[in-house]
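1. A predicted structure for the sequence below; I have some questions about it.
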2 protein chains.
Amino acid sequence: MTDTLKNSPKFRRHSPDERKKELVEATIKCLEKKGSDGLSVRSISAEAGISVGLINHHYPSKDDLIADAYEKLATDILHHVLDQVDKSGGNPRERMSTFFDAYFSSHVLDQKILRIWIVFWHMSDKSDKVRLSHDKTSEGFRQKIERMFRDLGELPEVPSFNYRLAAIGLSGMLDGLWLEWCLNPTSFEPEEGLKICEAWVDCLMSGSFKL
Amino acid sequence: MTDTLKNSPKFRRHSPDERKKELVEATIKCLEKKGSDGLSVRSISAEAGISVGLINHHYPSKDDLIADAYEKLATDILHHVLDQVDKSGGNPRERMSTFFDAYFSSHVLDQKILRIWIVFWHMSDKSDKVRLSHDKTSEGFRQKIERMFRDLGELPEVPSFNYRLAAIGLSGMLDGLWLEWCLNPTSFEPEEGLKICEAWVDCLMSGSFKL
DNA sequence: AACATAACTGAACGAGTGTTCAACTAGAAA
DNA sequence: TTTCTAGTTGAACACTCGTTCAGTTATGTT
């Protein structure tokens, strides 16, 4: 009896770093399930298998936890796409296609992610930490695209163009297509979005896109 | 004394249609001010100058009121842009530029509107009424763009192209640029976004955009 | 084995939420 | 003028929310 009690402790202690990581993961799980409606300290703690009070033990406020969750998810998705490009061989044009394939895959084109992003957009309106994190991530995204465009433009057969504007336009179009597809997946097929992007890049390379 | 009381009624009675209109306007005002955080029945009723209970007298639930507010705001903005195109003269290409000017004006490119839209996107995840309203509005927007592209493509000097895909691409880019600018207005100038769109249309007209 | 300490618990708190409904009353109809 | 109806009120209700904190306990150190 005494032994039984001794062998089944009521909880396990983790280091703050471990716990924070678990809490961030639980937060993302809750967001995936129900968006902002399911995002209470009670549902997060239930998901993580800990008590409500522990959240405020590791985070000054719930918002700080969400900010951490955003940071992780945003960089995860960004790196997932960019890694596929980095590890793919081929010439700059082929690498651009790899990039599109990664972006228009179900890993990014996912209504669950929009549900999460809506919460983050709302947060970035009132949390400096989240806004800073967003600015950093989206800037990194655009600079990667600009880098790919520059690689393209430096090919001997391709005339140079305004890489910055091209990157702004493409990242805008990708974001917009992603958003519209998530809001209404019947409005167009992912392959159609991909086709539009490919055509645009071809157009830029032909020199007829006067930026 | 009796007269004074008689001459200052405690409230004025309005027709349901009038009240609903006032409530919708109060809802939009609240959303502009603080986004979803300021959107309680109490703040809406205070803004409209009526009691809390009246909202549920005219609407089955708060969500139905918000759905009405979305319907109004979405169609208002859509028509504001399209009206400027409709009443503008000029050839199809010039009308497209008018369209861009209207879209990249401060009337649409406004962080207050994003704050409102975030609430609506969140709602369309759980309210069929809002989702239907969104689908209708965004479909109308895209069809208007498709119409403009068709007008362009039917010009004698312009080769025809896939109008549907072009409309999907352009509306995606417009939405994406709008979103990114609202999230971080320092990332690019509205004029730059406009320039990108203009260049794209020119590209389509030149026939080098292979859709 | 006893101690120290920091992770951890969960009841309690106060503020805020949407909705309900009995009572009130403005204003048209009789 | 009186009656009637339906627009209007606001207190009350039954939640959910994030945060607090006194008390508990697992675990490494002495």
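-> In hand now; what should we look at?

2. C-alpha only now, for contacts and for neighbours.
-> Fine.

3. what residues does chain A put near DNA strand C?
-> Counting by CA under 7 Å from any atom of the strand, chain A comes close to DNA strand C at A:10-16, A:19, A:49-54, A:57.

4. burial count for A:K10?
-> Residues near A:K10, counting by other CA atoms under 10 Å in any protein chain shown, number 7.

5. give the PyMOL command for selecting the buried subset of the residues of chain A next to DNA strand C.
-> A single PyMOL command selects the buried members of the residues of chain A next to DNA strand C (16 or more other CA atoms under 10 Å in any protein chain shown):
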select buried, chain A and resi 19+50+52
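
6. export stretch A:157-172 as CSV, just CAs?
-> What follows is stretch A:157-172, C-alpha atoms only, in CSV (Å, rounded to 0.1, in the frame of the first residue of the first chain):
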residue,chain,number,x,y,z
GLU,A,157,20.3,34.7,-70.6
VAL,A,158,18.1,36.5,-68.2
PRO,A,159,17.8,40.4,-68.1
SER,A,160,18.0,41.9,-64.7
PHE,A,161,15.0,43.3,-63.0
ASN,A,162,13.9,44.9,-59.8
TYR,A,163,14.4,42.0,-57.4
ARG,A,164,12.9,43.8,-54.4
LEU,A,165,9.6,44.6,-56.1
ALA,A,166,9.4,41.1,-57.6
ALA,A,167,9.8,39.6,-54.2
ILE,A,168,7.1,41.8,-52.7
GLY,A,169,4.8,40.9,-55.5
LEU,A,170,5.4,37.2,-55.3
SER,A,171,5.2,36.9,-51.6
GLY,A,172,2.0,39.0,-51.7
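
7. going by distance to B:K62, which of the residues of chain A next to DNA strand C wins?
-> The nearest member of the residues of chain A next to DNA strand C to B:K62, counting by CA to CA, is A:V52 at 29.6 Å.

8. quick check: that closest one touching A:Y59?
-> No: in this structure, A:V52 is not within contact of A:Y59 by CA atoms under 8 Å, at 11.7 Å.

9. what sits against A:L82?
-> Neighbouring residues of A:L82 by CA atoms under 8 Å, 6 or more residues apart in numbering or on different chains: A:F99.

10. for it, give its distance to DNA strand C.
-> Counting by CA to the nearest atom of the strand, to the nearest Å, the gap from A:L82 to DNA strand C is 34 Å.

11. same question for the helix or strand hosting A:A167, mean pLDDT?
-> Here A:A167 sits within helix A:163-183, counting by DSSP states H and E. Here helix A:163-183 scores 98 as its mean pLDDT.

12. for the next helix or strand after that helix, buried residues please.
-> Sequence order places helix A:190-206 as the next helix or strand after helix A:163-183, per DSSP H and E. Neighbour-count burial for helix A:190-206, counted by 16+ other CA under 10 Å, picks out A:190, A:192-198, A:200-205.
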